[in-house]
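>>> no letters, just coordinates:
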C-alpha cells in the first residue's frame, strides 16, 4: 500500500535517504519496484526526533516533529527544504498509496503520540466491517486523540491501549491479535497485513507480519563497517556514521549485500547496540 | 463557527447566491458581520440536486452532488466555474470556520447520505469528551460511513439513526436530545449550539436551536412576490422564480424586509407550499 | 509528459470517458502504458462547453467552463462529482506529468481564452532558454493574460497571436514554426514535441507533430456506426450518440478497431461531418 | 496586502515570533488591525538562514531555506512543526492577501535567489499594464528564474538586475525608479506601494516607500536592553538575546515603547551593529 523508511544512528540530514539515495523514499513514491502498488502518490509524511533538547518535556524526553502533506512526495518542494534544514538521529519517512481512507493530512503517516512515532505499510482487511469494534477496543481516554480515519491509526491506538510505552513488542502483539480476533469473528480470513515501525526516540521496532504469512517486503541495512569493507570506493558512505542503520520497505540502492531481508513474522530492533531480530507471532 | 445557505425553488445557477449576491456566501467567507467569527476561511462545500434525473436511483429519487474544498472560498476558482455550470432546484452552500477538527475535505459540509444533505453552523460543546459515546450511539451499520471527524457529521449520523428518512423533525429532535443527554452526564452545561439544514431533495428543514437558548443567527427570505412589490425597480429579482426561497445564516443584502429572522427554538420548513415554521424543542 | 482526451458529439456526461472507460483518463493518470511517463499525477484539468446557452456572450457564442486541480486525478473526489453533474457536447480532459514548471492550477491544462480551449502533451525542449524570446513574441495585448509558467500556455498565446480565431491550422503552424525558429537559433535541435488539441466549441483540431518526427501517440475513435457493427453486443455503446467521436493520447479500451492512430505530422479535425485529417507541417 | 516580519539576532526558534507572540504573524493572518486588509489568508511563506554551515556554498556563504504554502497560516500544522524544529539567526515570515495574482506556492513570499531572500507588502499599481515592460527590463539571464506571476517577484528580479548583490540600497532605488518610470509612461499616477525586506543572510534591509508618500505601516523593535529596562518583569524577554531585533508590518504586542515606527521613505538597516535608518528616495 505504501513504502516507508526508518533511520537511527549519528545525526543526519534526512534528505540523504529521503531524496538523495539511488532508490530514495521520494523515488519510491513514483516507482517502487517491489511494492504491491508501484505508485505511492497519496501524500507522505516525515517525522523526526531533534538532535537537541528542544521541545523536550519536563523529564527531558525528546518529542518528535512531524511534517505531512497530501501532495505526492515526488514534486513537493517543502519536503526538499525541510529534510535538508534539520538534522536528526532518528527519523521516519512514509509515502502513501491509499487503500480506501481519504487523502488528508490526518491519514498520512507517521502518527505521533507524545514521544512515540508509528507508521504502517499494509492494511487491516475489510476495515469497514471491523472499524467500530476496533475503535471501541481503544482505551476511552485515547479515543478522542484519533484524528484521522485509517486502519493504521486505530492499530497504533490499540498498541498504545495494550501498553506500548511499557513493552512495545508485547503491545504490538496484543494489538495484532485483537485485530485478528475481530476479523475472524467477522469472517475475515487474513485480517492483518503489513510492516509497522514504532519508536520512542531511542529504539526502532520494525514488525513484519501478516495473518497469511505473506507480508510486504522489509529490509535492513548491513552494518556500516561491513558495507565500507565491501565498497571501499563508495564516497557516499562518508555521509554515514558508524552507527547508521536503516529499516526500509525495499533496498535504497542496488549494491549487493547492503540491504538484507527481514524475515516473515519477525520484529527487527534497531538500538544503540545495532540490529537484532526476534520472531514475532510465529504461528 | 460557519455560515451557510439553502435554496429551493425554480432551477437556478447557484452562483447567483453563492457569488453574485451583495453579501454572498463567498463574501461571508471573508467577512460575516453577524458571525461568531468574521472569517470563515477553513474550507467550503457546495451540494446540489440536479434539475434532471441524472444519477437518480432505481426508484427515481434524485441524489445530490457535492463539491468540497479545503481552500478559502473567496479565491477558489473552481467554485466560480461549477456554481455557474450547473442549474439546481435545491442547493446548499457552506463556508467553514473550524472550531477544532482539522481542515480536510471530509470535515467540510454539506455531508451526504443517499438522497440526503446536511450542514451545520455551531458546535457540540466539548465534543472531545462526548465523541466516543456519541459515536457509539450511531447505528453500527451507519458507523463505517462516517468519513471525517467533526461533531456535525456525528450529529447527522445520529439523526439518520433516529429515523431522519421517516420523520426529519422528530429524528433531529431525538439526535439533539441524545447530544444533550450525553453532555449533561459529562457535566457540559449547554451541549448543543447551532443552526442545521437538512434536505431530501424536495423539502429543506432548517433548525435554529441551542441548549442555552442563544443560537446562531438564521434568516429566511420573504415571499418573492412580496419582495417584488416592495422593490419594483430591482432588476436582479428577475433572476428568481416565484417559488424561490432561501434560508441563510445572515441576510444576503441590505434591503429592509427581504430577510426575516427565524426565531429561536424553531424549525423552518421550505417546501413547494412556501415557508412555514414550528417550534422545535422549546424547553 | 501528459495524457489528454477531447470529445465531441451528442451531449454526454463526461464521466463516461473520464472515469468509466476501461482505460479512462483517470486510469491513465496512474498508469498509461503508452506514455513517455507512466504516472501523470501532477494535477489535472477538465474543460467543457455547456449544452445550453448559459454564459454565452452577446453574440450567442458559448464559452467553456474549466475545472483544474493540483491533486492527482485518481483520487480526486470533486472530479467524480463534476464530471457526472454536467452534460457537454464538447469537452477536454488532461492529466499532467510535469516536466519542470511547478505544480499549480495555472499550469494545469486546458487553458482558456474567450471561447477557446487548448491543451498539450509534450514540451518545448529547453524552454528555459527560449522562454523570454517566445514570451516577447506574444502579442503585447495578450501577454498579461498568461497566468502560469508552462511552455504550453506560451504556445497557446503564440497561436492566438498568429490568428487562431481566424485560421486555427495556419495559426498553429505559425506558432510551431516560431518555436522552431527560436529553438534552432539557440542551438536546440528538436524544439517542438507533442500533441495539441484546440477548440472553439464547435470543432476540435488535434495536432500530432514533433520537430524530430517522433511524436507522442495520438488516436481517434472509429465511426460509432462502424464500432456498433463490429461489437453488436457491447451494451456500453448505447451511451454514445451517432456523432460521438474522440481524439485521445492512447486507446480508451482494448477492443481492436475502435481506436485508430493519427499519423505523424497531421492535424485531425473533428467536426459535425465527422473525422478527417490533413498533413501538418510535413517537412 | 500582506503582513511580514524579519528577525535578526541570536539564533532563535522562529515560532517565538511567528506563533507565540501576542500579535504573531500567524495571528495577523486572521486579523491584522493595521492592515489594508484584515485577513491575510492567501498562503504564507517562511524563509530562514541556518545557524550552521549546512548547504553553504563553496565560498562558505550560507543559503536560506524556504517553506511556502497556499493554505491560510492560521491552521497550518506544518508551519507549527517547522518553526519550532529549526533555529535561525535571521528569518523572514510573510502572510499573503492576494491582490490579483493567483494563490500558488510560486506566488508566496519570501522569494529566494542564491543567498538572498526578498518579500513585499504592497503592490505595483496596475501591474497588468506594466508587466511586459518590467519583465523585459529584467536581465535576460535572470528572466527564466522567475517562477511565479507576482509584481513582487518581478520587483525582486529588477533589483537583482540593478546590482542587489553589490549595493542593495542603490539597486532597490533603481528598481523602484524603473517601476515608477514605466508606470508614469503608462499613465499610472502612483505606481509603487509597499514595504520590502531583503537580506543576504547577514543584514536585513527594510524599505518603506510609496510613490504617493502614504506607505503601508512598518515598525522596528527597540533595543533589547531598553525593552528589558522598561519591562523588568516580562519573563518572555528571556527568550531573546541581546542582539535580537525585528522589523515587522505591525507591532507584535501592545507594550508601549517596544515597537517604533519606521518613517516614510526610509530604508531601515538591521545588522550586527543594531538598528539604523536612512532616507530612501525622498522626493
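Happy to help now that I have it. Note that this is a predicted model, so its numbers are computed, not measured.
>>> not counting residues beside it along the chain, what's closest to residue A:177?
What sits nearest to residue A:177 in space, not counting adjacent residues and going by Cβ to Cβ, 6 or more residues apart in numbering or on different chains, is residue A:281, at 7.4 Å. All C-beta atoms are positioned from the backbone trio N, CA, C, and that covers glycine.
>>> swap in residue A:127?
Once its chain neighbours are removed from consideration, residue A:127 has its nearest residue in residue A:151; the separation is 4.2 Å (Cβ to Cβ, 6+ apart).
>>> contacts only, for the one you found.
If a contact means Cβ atoms under 8 Å, 6 or more residues apart in numbering or on different chains, then residue A:151 has A:101, A:120, A:123-124, A:127, A:131 as its contacts.
>>> from those, keep the buried residues only.
A residue is treated as buried here by neighbour count (16 or more other Cβ atoms under 10 Å in any protein chain shown); on that basis the buried members of the contacts of residue A:151 are A:101, A:120, A:123-124, A:127, A:131.
>>> out of those residues, which two sit at the greatest distance?
For the buried ones among the contacts of residue A:151, with distances taken as Cβ to Cβ, the pair at the greatest spread is A:120 and A:131 (15.3 Å).
>>> other SSEs contacting the helix or strand hosting residue A:220?
Residue A:220 is located in strand A:219-221, with elements delineated by DSSP states H and E. Strand A:219-221 sits against strand A:245-248, strand A:259-261, with contacts defined as 3 or more Cβ pairs under 8 Å, 6 or more residues apart in numbering or on different chains; DSSP states H and E.
>>> nearest to residue D:208, out of those strands?
Where these are weighed against each other on Cβ to Cβ, the nearest is strand A:245-248, at 50.8 Å.
>>> about what we covered before: give me every residue that touches the residue nearest to residue A:177.
Contact criterion Cβ under 8 Å, 6+ apart gives A:173, A:176-177, A:209, A:265 as the residues in contact with residue A:281.
>>> next, it: phi, psi?
Listed backbone geometry of residue A:281 is phi 50, psi 40, with angles given as degrees, to the nearest 10.
>>> ok, it to residue A:187 distance?
Residue A:281 sits 21 Å away from residue A:187, taking Cβ to Cβ, to the nearest Å as the criterion.
>>> surely residue A:78 meets residue D:81?
No - under the contact definition of Cβ atoms under 8 Å, residue A:78 does not touch residue D:81, with a separation of 11.0 Å.
>>> circling back to that earlier point, so for the residue nearest to residue A:127, what's the pLDDT?
Reading off the per-residue confidence, residue A:151 sits at a pLDDT of 97.
>>> show me which helix runs longest in chain A.
For chain A, the helix with the greatest residue count under DSSP state H is helix A:168-185.
>>> next, the buried residues of that one.
Along helix A:168-185, the positions that meet the burial threshold by neighbour count (16+ other Cβ under 10 Å) are A:168-169, A:171-176, A:178-180, A:182-183.
>>> nearest to residue C:244, of those?
Sorting those by how near they are to residue C:244, with Cβ to Cβ, puts residue A:183 at the top with 46.5 Å.
>>> mind listing what that closest one touches?
Applying Cβ under 8 Å, 6+ apart, the residues contacting residue A:183 are A:124-126, A:130, A:190-192, A:211.
>>> what residues does chain A have near chain C?
If contact is defined as Cβ under 8 Å from any Cβ of the partner chain, the residues of chain A in contact with chain C are A:30-31, A:39, A:41-42, A:70-72, A:74-75, A:77, A:98, A:102-103.
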